[in-house]
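>>> task: produce atomic coordinates for the following.
(4 chains)
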Protein chains: 4
Amino acid sequence: MRVGVLTGGGDCPGLNAVIRAIVRKGVQSYGYGFTGFRDGWRGPLEGYSMPLDVPSVRGILPRGGTILGSSRTNPLTLDGGVRRIRENLAKDEIDALIAIGGEDTLGVASRLWGEYGIRCVGVPKTIDNDLSATDYTFGFDTAVNIATEAIDRLHTTAESHMRVLVVEVMGRHAGWIALHSGLAGGANVILIPEQRFDTAQVCAWVESRFQVRYAPIVVVAEGAVPRDGELVLKDGSRDAFGHVRLSGVGEWLAKEIERRTGKEARTTVLGHIQRGGTPSAFDRWLATRFGLHAVDAVRDGDWGTMVALRGTDIVRVPLDTATAKLKTVSPAEYAEAEVLFG
Amino acid sequence: MRVGVLTGGGDCPGLNAVIRAIVRKGVQSYGYGFTGFRDGWRGPLEGYSMPLDVPSVRGILPRGGTILGSSRTNPLTLDGGVRRIRENLAKDEIDALIAIGGEDTLGVASRLWGEYGIRCVGVPKTIDNDLSATDYTFGFDTAVNIATEAIDRLHTTAESHMRVLVVEVMGRHAGWIALHSGLAGGANVILIPEQRFDTAQVCAWVESRFQVRYAPIVVVAEGAVPRDGELVLKDGSRDAFGHVRLSGVGEWLAKEIERRTGKEARTTVLGHIQRGGTPSAFDRWLATRFGLHAVDAVRDGDWGTMVALRGTDIVRVPLDTATAKLKTVSPAEYAEAEVLFG
Amino acid sequence: MRVGVLTGGGDCPGLNAVIRAIVRKGVQSYGYGFTGFRDGWRGPLEGYSMPLDVPSVRGILPRGGTILGSSRTNPLTLDGGVRRIRENLAKDEIDALIAIGGEDTLGVASRLWGEYGIRCVGVPKTIDNDLSATDYTFGFDTAVNIATEAIDRLHTTAESHMRVLVVEVMGRHAGWIALHSGLAGGANVILIPEQRFDTAQVCAWVESRFQVRYAPIVVVAEGAVPRDGELVLKDGSRDAFGHVRLSGVGEWLAKEIERRTGKEARTTVLGHIQRGGTPSAFDRWLATRFGLHAVDAVRDGDWGTMVALRGTDIVRVPLDTATAKLKTVSPAEYAEAEVLFG
Amino acid sequence: MRVGVLTGGGDCPGLNAVIRAIVRKGVQSYGYGFTGFRDGWRGPLEGYSMPLDVPSVRGILPRGGTILGSSRTNPLTLDGGVRRIRENLAKDEIDALIAIGGEDTLGVASRLWGEYGIRCVGVPKTIDNDLSATDYTFGFDTAVNIATEAIDRLHTTAESHMRVLVVEVMGRHAGWIALHSGLAGGANVILIPEQRFDTAQVCAWVESRFQVRYAPIVVVAEGAVPRDGELVLKDGSRDAFGHVRLSGVGEWLAKEIERRTGKEARTTVLGHIQRGGTPSAFDRWLATRFGLHAVDAVRDGDWGTMVALRGTDIVRVPLDTATAKLKTVSPAEYAEAEVLFG
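Got it, this is the predicted structure:
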């Protein structure tokens, strides 16, 4: 049995740990051979590959990024995409594929198996932790730790200057990173994409914090949107009201807070440092287990499934349902945190 | 309503986060008053307490240890212990207690409610993660991160000198810290209390690592025991065979490996640094949620229960069953990891 | 003897360590009393103070920020400023002041002693490390460590996506943070305020990095300026050419690199996380020694001096010359690093 | 010009950074070729080498250990050692050697040049920072940071249980790691090899700490010795008084403190984690500069010298005098710290 492995979408701490576990177990327990496809679906599409054996995965467990490279190439939108994949798999005598990626990457895997019979198994990857089929995805814990450490650091600056500090974290559609790092970092306000925020309420929390002579930290997910309807667009395009917005929501909010409360406010946009570097212990453990179980799914011929975490168990779920629904922060979960605001 | 709070047993990163969440939510949502009892059950036993309000819990979220102090005092083994607790609660007009602790501390809470009608709610705490009623306890993730970082550091020393490095981590009865940090740190052998180890097999793994010109890391839980029946006693007392052992299992194993393989071997005993200092983001999040839900259990009059994590939900379980069974590493879980040894 | 202590200017990891050392040694070795003035020079100006004794400095050594607060108030620019300071010192029977701060704060101390006979001793503080009188200032090492860790994290993202990553670090007038973190992080290009950069040369280095199939990291100090004369203004005001610039140099540079090389480029602006949080060991050691020696300068009546690091010794230098000259990166020091670019 | 590079003695974070800088600058600025000799002086002695070019040093900057391996082999104590080195250098057409190491490794380099005319340049390496010719050596700052972080973690455990915690750090002959990490970590007692300690005085400091209701941390260098003349021997051999000691000084001291004060005391021996893993930013910067300047010394034909840090400058000093004198903590430096004890 020869198995192709690929990683797609944005990079995420733990990808290398998955690759290593797949190869170590596949070779030692089942005698499989492996081919590494480069740059996501571009690899099997263009026959762009690299050897993948036990020596080539030594030392990669603690390293961020992916030795296979990544891309957002979608073969299903290209003429003859499926045919070219099939040819390249045949040429290298690849029997099955393990695709590690998010909604898009796994969506391709799901259709390649479901519609074209190409044998695929999936490993879910989303740093935003927004897949409903799994309790956690790897990379999320690392991102939350990095954001929390940043919030820890900002507290002392806020206090020393009695300033508002707004921290913009990742999360376009789901507020998990904001919610977890905000709770862990003792933020005084947490704003998420799932609930449009009321700027006046944010300012009230900010002022209540100053009343006890502390300075507030506001954590805001990049996808959070103010309730009054103004869209905040990073790219300078016009919003629904015809205004040009030149900054992200963090910078916009800091200015609004300054304008409304008269307190100095500053923004920090954490950006890419949230998704790079060495994975946390939890993410390495989860990624390693995902890899071990993905190889078992191949051995069992359990095509069209992906591995997932439920409690402390790794289970398998159908790829098509697994990626169907975004897991977002529920009103109850947000309300639980809101008690600690101000 | 006035609620007493106490922390018992060994210290654990996240205790302060629990206390803070209890007080913040209790005061703001329900208007409760709080009394902090000092040094575990010694506090209500001797009427040794401190005020506990919102200002007194400011800034404690990221700090390790417990502002309430801790002890292993067991009031049920003392003459008139229950009577004295009852008197001290009455004197301070305490309506209920939240006890944060491990098996022993919660066992007292369980009996105080079950046998004496003293209203108690529990929050589980064990750095070893060995309670069967909850997926995780806070403190564990921090300990695993610290041990993993130590293993990361030791890899480079092992390689540079082509030495065996044995790392002894916490875990007297359960191997969770060894298993998780060993997997996350890429250890070449992981030894746990649940399965007596075969020193010859350990040496075989060690030698197979040298054959690919890398140097091995062996992670061993302090409670791990060799299969051939020799007991390893730290305190210098005699084992079943009448031998005096002067070292922990880590040091013993390093000497055995040296003797049998001829390779240099060194031991590092991580000790107390695993349980101190600032909690990881996961532990702060879990501890905070435990605290928030413990106050809800008080409000609901759900006496004799403790909070627990199931998947991503916080649930309540009866105190008496919750602490009844130790959660240990199953043979299947160990076998999953064993694939990566050598 | 009663001594007033104040901290001025931007916050900096290590300020609390200085305060603690001053108080611990002053009380224990010399029997001094201390008064903490709040918010820099605003404190003695408005008689805004707090008690400062041994218990009040317990536990602050590892904490960022300053328990005394800070401000940029300059009493010399205010009517009757010096008179009000003199009155407030007399009222509280303060015999001398220890001012901890940068160029501005120490410049005031220098003139208060030199022109008005108010007894002052200084402790230098600049996170940018740009004071010529001392080898290092505390806070700098912490900032460099944080920036280096961020660069480490960004490397893996750069590689995985074959993107250029531009990291903007602190440094308006001096490139020390960029130079040290760039060298330590293995950046492929380092740009500093002291030398206008040639965007074409930057692009050449970027492309040479891609030629060996790695992705480049460009570290740029916030005060770096392109050679072709375009000013980069954060605040949206017009530059010398009448253009509006909407971003910092980091964002500007990423866009230029994209435009010229056709490679994807992203920016990360580290901002305030560089100056907050717990100080590195070096900064705690240096800050503690500065504090211990500042108290000795008070005991010796060595007014108008500040402490400074020379090699491994703490020396005293006159305040007026100490703050006269900015320490910037010399062409030779930059050339030394340039060898590693590309 | 072909240059051989070797690393000798104990491993130390920053060795790889030196190697990388040597190769990058040597190749790019001077067109040199390099040969990596393996395992210290064993490499040129046995002709055991590996290729060393720009691709082979990519990515090693942040990694601890040494890609060249290390040993304590001393060719001058072996029959024909110098002759064999000369032959192996001739065979590979090596014109000069850069030796990176401590007293022993550099002592060999010094004699090879001085007595045998073999062209050598040195880079000093000692994690203990005990070379008098240089202000700092790389590796030391990393070790101090690791020890300080451990002390930070132990504070919370000490407080929670009102226990004495004894931390044993590296330092057989010099107390620099103990002194710096003790000051940075806010230790209540620091004991170094340079000054025999008085156990009664240690207990007095310990008790004074408990009197203000805090728990003490005692940092002790592994080479510290009690004043009353009892030797503490790790290996179980007999001391001058004929007693067998079964533990290091840390464990001995904890027991003595328990016995004399009646307070619980625990020991943590940091051991190898102090010398492994990724170097701090300072150490990467210093190691890189050492490497760059060592290549310049080769270009200048400045044989028999080593690079050294003086203030912020890299200078060259004769190898023979450089390693002649151990740099130890002076009584004045220790007294400066002692003010903060208790």
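
>>> drop to CA atoms for contacts and neighbour counts, all remaining ones
Will do.

>>> separation between whichever residue of the stretch 101-250 of chain A sits closest to chain D and chain B?
Sorted by distance to chain D under C-alpha to the nearest C-alpha, the residues of the stretch 101-250 of chain A start with residue A:149, at 14.8 Å. Distance check for residue A:149 against chain B: by C-alpha to the nearest C-alpha, to the nearest Å, it reads 8 Å.

>>> secondary structure class for the residue sitting nearest the centre point of chain A?
Per C-alpha atoms, centre = their mean, the C-alpha nearest to the average position across chain A is that of residue A:127, at 1.6 Å. Classification of residue A:127 using DSSP: H, G, I helix; E, B strand; the rest coil returns coil.

>>> do you know the pLDDT at it?
At residue A:127, the pLDDT value in this model is 95.

>>> ok, residue A:157 next?
87.

>>> that one contacts residue C:271, correct?
No: here residue A:157 lies out of contact with residue C:271, judged by C-alpha atoms under 8 Å, at a distance of 11.4 Å.

>>> of these two, which one has the most company?
residue A:157 (27 against 17; other C-alpha atoms under 10 Å in any protein chain shown).

>>> the one helix or strand the more buried one maps to versus helix C:140-161: what angle between them?
Secondary-structure assignment from DSSP states H and E places residue A:157 in helix A:140-161. With axes from the mean of the first three to the mean of the last three C-alpha atoms, to 10 degrees applied, the angle from helix A:140-161 to helix C:140-161 works out at 150 degrees.

>>> packing partners for helix A:140-161?
If contacts are counted by 3 or more C-alpha pairs under 8 Å, 6 or more residues apart in numbering or on different chains; DSSP states H and E, helix A:140-161 sits against strand A:164-169, helix A:176-185, strand A:217-221, helix A:281-299, helix B:281-299.

>>> now residue A:142, nearest residue through space, not along the chain?
Closest residue to residue A:142 apart from its sequence neighbours, by C-alpha to C-alpha, 6 or more residues apart in numbering or on different chains: residue A:280 at 5.1 Å.

>>> so what's residue A:160 up against?
C:11, C:65, C:66, C:67, C:68, C:69, C:70 (C-alpha atoms under 8 Å, 6 or more residues apart in numbering or on different chains).

>>> ok, it to residue A:261 distance?
19 Å (C-alpha to C-alpha, to the nearest Å).

>>> low pLDDT regions in the stretch 201-342 of chain A?
A:229-247 (pLDDT under 70).

>>> all helices of it, in order?
Ranges of helices in the stretch 201-342 of chain A, per DSSP state H, counting those that start in this stretch, are A:249-261, A:281-299, A:319-322, A:331-338.

>>> distance check, the closest residue to chain B within chain A against residue D:283.
In chain A, the residue that lies nearest chain B is residue A:311 (3.9 Å; C-alpha to the nearest C-alpha). As judged by C-alpha to C-alpha, residue A:311 and residue D:283 stand 42 Å apart.

>>> the two: who's more crowded?
Under the criterion of other C-alpha under 10 Å, the comparison of residue A:311 against residue D:283 puts residue D:283 first, with 26 against 18.

>>> residues in contact with that one?
Residue D:283 neighbours (C-alpha under 8 Å, 6+ apart): D:13, D:14, D:137, D:138, D:139, D:140, D:141, D:142.

>>> neighbours around the nearest residue to it once chain neighbours are set aside, how many?
Sequence neighbours aside, residue D:138 is the residue nearest to residue D:283 in space, at 4.7 Å (criterion: C-alpha to C-alpha, 6+ apart). Using other C-alpha under 10 Å, residue D:138 is surrounded by 29 other residues.
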